[in-house]
Each structure stands twice: as structure tokens, then as C-alpha cells.
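Asks: sequence unknown, structure follows:
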């Protein structure tokens with residue numbers, strides 16, 4: 001099992017990549033900066049499990065909060081509106 005690298009409140013950047021295969025990280029957050037809202041636990045890597053592999057080592061999964069105005073510059077809602085996305089640790093780096 002991998003140990004968590006991030007804590008609640010840490011600013012993180014989602015890796016901007018387009019690997020082939022089964023990817024669980026939405027396009028609209030790749031390359032974006034968000035804040036760790038919480039650690040959800042450790043789970044098998046779904047990108048490996050999709051191909052009947054073990055999914056090991058288990059990966060920390062975080063809920064990351066993004067300001068909607070940062071994701072979509074033309075966003076017309078309230079300035080404080082957010083989107084929360086669950087993202088595995090191997091897709092995150094320190095912002």
C-alpha cells in the first residue's frame with residue numbers, strides 16, 4: 001500500500017496527460033489546481049483493475065475541490081461554487 005502524500009488543505013495540480021486505456025481522471029480537471037478536501041481511503045488502482053490486473057499497490061484516493069470559475073472562465077454561477085472530484089494519488093502533484 002502506498003502512503004498518502006497529501007493532507008486536507010494541500011494545493012495540488014492534476015497531471016495533464018492523455019495515456020491510452022482506461023483512465024478515471026476527467027479531462028476537464030487535467031492540468032488544473034485544486035485543494036485536497038479529504039482522503040477517502042486506499043483502493044486498488046482502477047486503471048489496472050480494468051485490465052484484470054491486481055490493482056496493487058493500493059492507491060490513496062482524494063476528494064479534490066476546484067473553483068468552477070477556474071475550470072470554466074465563462075462560468076456565470078456564484079463565485080464560490082465548486083466541483084469536487086475523487087482522484088487517485090498517482091494523478092496528483094504538489095501545486
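Replies: That came through fine. These numbers were taken from a predicted model, which means no experiment stands behind them. Residues are numbered from 1 along each chain as shown.
Asks: please make it C-alpha for all contacts and neighbour counts, starting now.
Replies: Fine.
Asks: name the helices or strands packed onto the lowest-mean-pLDDT helix or strand in the chain?
Replies: Every helix and strand in the chain was compared by mean pLDDT, DSSP states H and E; the lowest is helix 46-49, with a mean of 89. If you count contacts as 3 or more Cα pairs under 8 Å, 6 or more residues apart in numbering; DSSP states H and E, helix 46-49 packs onto no helix or strand.
Asks: so what strands line up beside the longest strand along the chain?
Replies: The residue-count maximum for a strand in the chain (DSSP state E) belongs to strand 33-43. Partners of strand 33-43 in the sheet, by DSSP bridges, are strand 11-14 (antiparallel), strand 59-67 (antiparallel).
Asks: only the buried residues of the least confident helix or strand of the chain, if you could.
Replies: residue 46 (16 or more other Cα atoms under 10 Å).
Asks: before we move on, what about stretch 4-14?
Replies: Buried residues in stretch 4-14 (16+ other Cα under 10 Å): 6, 11, 12, 13, 14.
Asks: could you do stretch 35-49 as well?
Replies: 35, 36, 37, 38, 39, 42, 43, 44, 45, 46.
Asks: so among those residues, where is pLDDT lowest?
Replies: Minimum pLDDT for the buried residues of stretch 35-49 is recorded at residue 46 (88).
Asks: ok, so of the buried residues of stretch 35-49, who is nearest residue 2?
Replies: residue 42 (8.1 Å; Cα to Cα).
Asks: find the nearest non-adjacent residue to the closest one, please.
Replies: residue 60 (4.3 Å; Cα to Cα, 6 or more residues apart in numbering).
Asks: cool, thanks, signing off.
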